[in-house]
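# kindly return the folded structure for what I paste below:
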Amino acid sequence: MRVIVVGAGVLGTLHAWHAVERGHDVLHIEREAEARGASVRNFGQIWISGRAGGEELSTALRARELWEGIGARVPELGFRAIGSLTVVKNAAELAVAEAAARRPDAAARGYRLLDADEARARNPALRGEFAGALWCERDAAVEPRIAQRALKAALLESGRYTYLGGREVREVTGERAVRDDHGDLHRGDAVILCTGAWLGGLVRELVPDLPVRRVRLQMMQTDPLGEPLTTSVADADSFRYYPAYRSAALDALNAGQAQAPAAAAHKMQLLMVQRADGGLTIGDTHEYATPFAFDTVEEPYEHLTGVVESILGRPLPRIRRRWAGVYAQCTDTARVVHRQQVRDGVWLVTGPGGRGMTCSPAIAETTANELDW
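Now for the predicted structure:
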């Protein structure tokens, strides 16, 4: 069987991975020389802790299992099972963490409530003042700027994988065939379109009423911290953003403790993970209304700097990179992904939102299973 995958972000790359793993030949087409979208502009977190229950959690847990296996085979991914700490600073935030730790699926997530001393013992870099933290053992991380290239290198070693960069697919032609912007026609037994946040052009022609929207975010990365950050770190604003934390305690927090003005204006939370070089990736914001701004603004970075410094109890290293990115999210945010057959033998898979890096291995596995590869 010959599978054509369009889009070399993490979702497309994992579709290619599963196809090759099942003995098929893959032609992988990417409009850029390498992926440059949300798949490289993210935290690299395999983020279990905040996921909704049901399908979303089961998908994330399966993906976590798959990531660990792939990471063992492709060490360049930088897979590490570091877990996460969501730091709380007062009684209202602590109540939300306590409610989360009582969830029926808390054990599956690896939730455990820690006091401040226990949290510092798990992550000694946290020297600021806080009341405790929610530990999630199942959270992990990979290196987002490296992951796709490392996976591609491993796929090329199979002898069943061909990568064609710098080609934009412009047309689905007949059955199971696409034409690129060089005029070349590519035929296969199945075509998987993993176009990420590219929702215009060909995608709009194929699905004019696609129930997927684009979301923009800002992030930053620092110089090396100079010491290990042994877990990912989040702040209590993440309770407001992730569905796993919904509870009466969260309602009370929202009613009684407003976000900082910058955090509210930019729909922010703190997520932070250390890169292989020692730098910290820190974010993020959420912008939903289009057209998006073309520039980044400083208020979110100033807010995040203050939050991180209060948790670390020390000045943040110099910020060396700032960027914005755009990802695709199903308008029904309870849906893990939008998967649709758009032509005979042609499927569109998009819209995982901020779950893309976490869930891609399991989403791609489900596609392979449903198509009976």
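
# what pLDDT is listed against residue 62?
Reading off the confidence values, residue 62 has pLDDT 98.

# ugh, wrong one, residue 150
Per-residue confidence for residue 150 comes out at a pLDDT of 96.

# could you say which helix or strand contains it?
Here residue 150 is covered by helix 144-156, with elements defined by DSSP states H and E.

# now the strands for the stretch 251-373 of the chain?
Counting by DSSP state E, counting those that start in this stretch, one finds strands in the stretch 251-373 of the chain at the ranges 271-274, 280-283, 319-330, 338-343, 346-350.

# for those, which one ends up most surrounded?
With neighbours defined as mean count of other C-beta atoms under 10 Å, the strands of the stretch 251-373 of the chain peak in mean count at strand 271-274, which reaches a mean of 26. Glycine gets a C-beta too; all of them are placed from N, C-alpha and C.

# that strand - contacts with which helices or strands?
In terms of contact count using 3 or more C-beta pairs under 8 Å, 6 or more residues apart in numbering; DSSP states H and E, strand 271-274 is assigned the packing partners strand 232-235, strand 280-283.

# of all the strands of the stretch 251-373 of the chain, which one comes closest to residue 154?
Taking C-beta to C-beta as the criterion, residue 154 comes closest to strand 346-350 out of those, the separation being 21.2 Å.

# relative to that closest one, what are the paired strands and their orientations?
Within its sheet, and counting by DSSP bridges, strand 346-350 is paired with strand 190-193 (parallel), strand 338-343 (antiparallel).

# can you state the direction angle for the last one and strand 319-330?
Between strand 338-343 and strand 319-330, the angle formed by their directions is 60 degrees, by axes from the mean of the first three to the mean of the last three C-alpha atoms, to 10 degrees.

# if we can go back for a sec, tell me which of the strands paired with strand 346-350 lies nearest to residue 63.
Of all the strands paired with strand 346-350, the one in closest proximity to residue 63, counting by C-beta to C-beta, is strand 338-343 (15.2 Å).

# list of residues touching the closest one?
Contact partners of strand 338-343, identified using C-beta atoms under 8 Å, 6 or more residues apart in numbering, comprise 172, 175, 191, 193, 206-207, 210-212, 330, 347-351, 363, 366-367, 370.

# just the buried subset of those residues, written out for ChimeraX, thanks.
Those of the contacts of strand 338-343 that meet the burial criterion (16 or more other C-beta atoms under 10 Å) are gathered into one ChimeraX selection, given here:
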select :172,191,193,206,207,210,212,330,347,348,349,350,351,363,366,367
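
# next secondary structure element downstream of the host helix or strand of residue 13?
Residue 13 is part of helix 10-21 when elements are defined by DSSP H and E. Secondary structure here is assigned by DSSP H and E; on that basis, the next helix or strand after helix 10-21 toward the C-terminus is strand 25-30.

# off-centre distance for the helix ranked longest in the chain?
In the chain, assigned by DSSP state H, the helix with the most residues is helix 55-73. Shown here is helix 55-73, whose average C-alpha point lies 13 Å from the average C-alpha point of the whole chain (C-alpha atoms, centre = their mean, to the nearest Å).

# do a quick rundown of the strands in the stretch 51-200 of the chain.
Counting by DSSP E, counting those that start in this stretch, residue ranges of the strands within the stretch 51-200 of the chain are 84-88, 111-115, 132-136, 140-141, 161-165, 169-172, 177-180, 185-187, 190-193.

# show me what the third one is in contact with.
With C-beta under 8 Å, 6+ apart as the contact definition, strand 132-136 has outside contacts at 48-49, 83-88, 94, 97, 100-101, 109-116, 118-119, 122, 126, 231.
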